[in-house]
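Peer 1: Give me coordinates for this.
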Amino acid sequence: MSMNADIGKRLKLPGSMYIKAVAVAVALAIITAISTMWGSYPTLVAITIMVFYVYSLSWSLLADTGMVSLGQALFFALGSYAYGIFVISYGMNPLVAIFAGPVLGALAGLVVGFISSRLRDWYVGIFTFALTPAGYALAVSSQLSPWTAGAVGLAVPRFPLPSTAWLPFSAALAFAAYIVIMLIQNRRIGFALSAINDDETAAGTVGINTRFYKTIVFGISGYLAALAGAMFVALYTSYIAPDYFGYPDISYSVWPVFYSMIGGMGSPEGVLLGTVLLDPVETAIRSWLSSISVTGGNLALVIFGLLLVIVLLKAPKGIYGYIVRYIESRRTKNGGRNGTR
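Peer 2: Model prediction:
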C-alpha cells in the first residue's frame, strides 16, 4: 500500500469517530447523572475522574508518539499554580483563569519538547522526571514564595459557578479534551505522530519533520496536563501544594501512566475506561491504607504497579484492547459460521 493511500485510510474515519464520540459523551453524562443522584461524595469522586481523565489523555498523547513522560506532574502543577496566581495575585476571573493558566503548561511543554526532541524512548522519561524536583524547588523557594506561598501551599477562592455545576463543567472539559485527541489522531498530524512512534528514522526519511511534531505534541500535552491541574484546584481541592510537582510524592507523576496503560494506551476510550475503573479504587485504597499505615499512599502505588504488570502480561493493549480483540474474534467466528452455511 502506498503512503498516500495509508494517509487517506487514516483520515477517512469520520463515521467511527462520531460513534465513539457519542459513546464517550453518553458515558460521561451517565457518570455525571448517577454521581449527582448519589450525593456529594460520589460527585467529588466523579470530578476527580474527569480531572484525571484529562491528565491521563495528556500522557497517552505523548506515549502514542513514542515519548514516555515521567514528569507530567510538572505541567499539572504549573497549571495549578498559574490558575491560583492569576486569580489571587492578578484578580483574574476564575472562569478565564482556568483556561489561561494552562497556557503556561503549554509553553513549558514546547520548551521541554524542543529540548527532548532529540531523545528517544525512556531517555525522555528520565529527562522529564528530573524536571519535577526542579519545579518543586522553585515553588518552595524564597524568591517565588510571595506568589506560591512556599512550602505552606496556596489556598484559592471558591470557584464562582454553583457547586452543582462543577461536575457537569468538569465533564464538559473532559469531553472537549477527548475531542481534541480524536481530531489529532484522525488528521495528518496523527499520521505523522504514528509514523514517528513506529520508526522515527524512517519517518524522517519520508519528509516528516520529527523534531517539529514532537515539540508541538509536547506543547499540546502540556496544556492538557496543566488544564487538569487547574481543574483539580478550581473544582476539587481549592488548595495548591508544592508536591503537585510529583516530588517528593511521585504519585502525581505515575497515576496517569497507570490509568492509561491499564485502561488501554493508544485509545482515548481505553484511557477513559482505565480512569473510571481505577480512580475510585485508588481513592479508596489510599484512604484505607493511610488509615492503617504511615506509608499507605506508597503502598497504593505498589498495589497498582503489580496490577499493571498482571494486566500487561494478560492484555498488552490494556483492558479496552482486550475487549476490542475479544469482540472482533467473536465476529470473525460468527462470520465464518455464517459463511459455511
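Peer 1: what ranges do the helices span in the stretch 201-341 of the chain?
Peer 2: Remark: helices assigned in the stretch 201-341 of the chain by DSSP state H, counting those that start in this stretch are 210-232, 251-263, 268-292, 296-314, 318-340.
Peer 1: Quick check: which ranges of this protein have low pLDDT?
Peer 2: 1-15, 289-298, 335-341 (pLDDT under 70).
Peer 1: Recalculate using a threshold of 50.
Peer 2: Along the chain, segments meeting pLDDT under 50 span 1-14.
Peer 1: Next, name the residue at the spatial heart of it.
Peer 2: The centroid of the chain falls nearest to S56 when counting by C-alpha atoms, centre = their mean (2.0 Å).
Peer 1: So which elements touch the helix or strand hosting it?
Peer 2: In the assignment (DSSP states H and E), S56 maps to helix 40-63. In terms of contacts (3 or more C-beta pairs under 8 Å, 6 or more residues apart in numbering; DSSP states H and E), helix 40-63 is packed against helix 14-38, helix 72-88, helix 166-185, helix 210-232, helix 251-263, helix 268-292. All C-beta atoms are positioned from the backbone trio N, CA, C, and that covers glycine.
Peer 1: Only the buried residues of stretch 235-250, if you could.
Peer 2: Across stretch 235-250, burial judged by 16 or more other C-beta atoms under 10 Å covers 235-237, 240-247, 249-250.
Peer 1: and which of those is nearest to S69?
Peer 2: G246 (10.8 Å; C-beta to C-beta).
Peer 1: quick one: contacts for S35?
Peer 2: By C-beta atoms under 8 Å, 6 or more residues apart in numbering, S35 lies in contact with 42-43, 45-46, 167.
Peer 1: Y90: which of those is nearest?
Peer 2: Set against Y90, the nearest of those by C-beta to C-beta is L167 (27.5 Å).
Peer 1: For G190, give its distance to W38.
Peer 2: G190 sits 37 Å away from W38, going by C-beta to C-beta, to the nearest Å.
Peer 1: same deal with A195?
Peer 2: 45 Å.
Peer 1: more crowded one of those two?
Peer 2: A195 (22 against 12; other C-beta atoms under 10 Å).
Peer 1: Now that that one has come up, it's in contact with N209, right?
Peer 2: No - look at A195 against N209 with C-beta atoms under 8 Å: they stay out of range, at 11.3 Å.
Peer 1: list the residues that contact both of those two?
Peer 2: Contacts common to A195 and N209, judged by C-beta under 8 Å, 6+ apart, are absent.
Peer 1: quick revisit: tabulate the helices and strands packed on helix 40-63 (TSV), appending distance to V302.
Peer 2: Below are those laid out as TSV (distance: least, C-beta to C-beta, whole Å):
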stretch	distance to V302
helix 14-38	28
helix 72-88	19
helix 166-185	28
helix 210-232	24
helix 251-263	11
helix 268-292	10
